[in-house]
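Student: I'll drop the sequence and a predicted model, then ask my questions.
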Amino acid sequence: MKILALENSSGRRSVAACDASGLRAQSGANGEDAPLTLPQRVDQTLEAAGWIPSQVQAIAVSLGPGSYAGIRTAIAFAQGWQLVHAVRLVGVPSADALAAAAQAAGRRGAHHVLIDAQRGEFYRAEYELGEETAVCLSSLKIVSSAEALAGLAVARGLSPDAPALGSACEEAFPTAATIAQLAARHLAQPAATDALADTPLEPVYLRPVQFAKTP
């Protein structure tokens with residue numbers, strides 16, 4: 001299956017084309033300076049893969065958490081594409097992509113994923129990285145900066161009030177290539193029927209929506 005993957009949730013946005021033979025092309029994962037729009041990046045990736053738009057069979061979208069505007073843009077793009085080409089849509093949480101990339105890089109055992117949630121908070125989830133999979137042990141939740149660091153300290157066998165954990169953390173960004181791989185794995189499962197194409201894509205946003213109506 002030919003999958004076009006959109007990762008628009010982080011500061012290093014990327015697009016990838018993946019099929020049964022693996023990754024065919026990827027644009028933007030290295031954070032190059034060219035300020036391409038999402039449609040331009042898609043065109044660049046399809047050209048590199050040697051595909052035309054009608055050949056794409058599924059679009060995988062990174063759902064965050066992350067840049068709310070970026071995620072919404074990618075979802076709108078995928079939904080618009082589906083109206084024209086009737087592709088299947090698959091949403092992949094960004095935290096799952098980060099954990100899968102760590103697993104593919106050889107990390108094993110307990111692994112914490114922290115994503116900046118602004119306001120002095122983080123999104124945090126814990127995974128168990130095995131030889132073939134990354135299994136989520138605790139679902140994503142919002143914690144304070146102090147709670148996030150304390151959780152890392154305990155995981156490393158340190159005191160919960162350890163003052164510095166610089167070596168415990170490694171900066172990472174989700175990539176469209178990993179989003180495509182996770183989507184391909186999901187679509188290959190027997191339970192992944194065509195009904196998935198009608199499943200609405202929703203950003204991962206754990207805060208309750210709050211607004212004040214003006215008088």
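Tutor: Ah, there it is. Residues are numbered from 1 along each chain as shown.

Student: which residues sit in contact with the residue nearest the centre of the chain?
Tutor: Nearest to the geometric centre of the chain sits S94, at 2.5 Å (C-alpha atoms, centre = their mean). By C-beta atoms under 8 Å, 6 or more residues apart in numbering, the contact list for S94 reads E7, S9, S10, S62, L63, G64, P65, G66, I115, P174, V204. (Glycine included, C-beta is placed from N, CA and C.)

Student: need the per-residue pLDDT for the second one.
Tutor: pLDDT, the model's per-residue confidence, is 94 for S9.

Student: neighbours around it, how many?
Tutor: 27 (other C-beta atoms under 10 Å).

Student: tell me the secondary structure for it?
Tutor: S9 falls in the coil class when you classify it by DSSP: H, G, I helix; E, B strand; the rest coil.

Student: how about it, what does it touch?
Tutor: Going by C-beta under 8 Å, 6+ apart, S9 touches S62, L63, G64, P65, G66, S67, G70, I71, A74, S94, P174.

Student: give me the pLDDT for the residue nearest to it when sequence neighbours are not counted.
Tutor: For S9, ignoring the flanking residues on the chain, the nearest one in space by C-beta to C-beta, 6 or more residues apart in numbering is G66 at 3.0 Å. You'll see G66 listed with a pLDDT of 92.

Student: now the strand of greatest length in the chain: buried residues?
Tutor: Scanning the chain for the strand with the most residues, using DSSP state E, yields strand 134-144. Residues A134, L140, I142, V143 are the ones in strand 134-144 that count as buried (16 or more other C-beta atoms under 10 Å).
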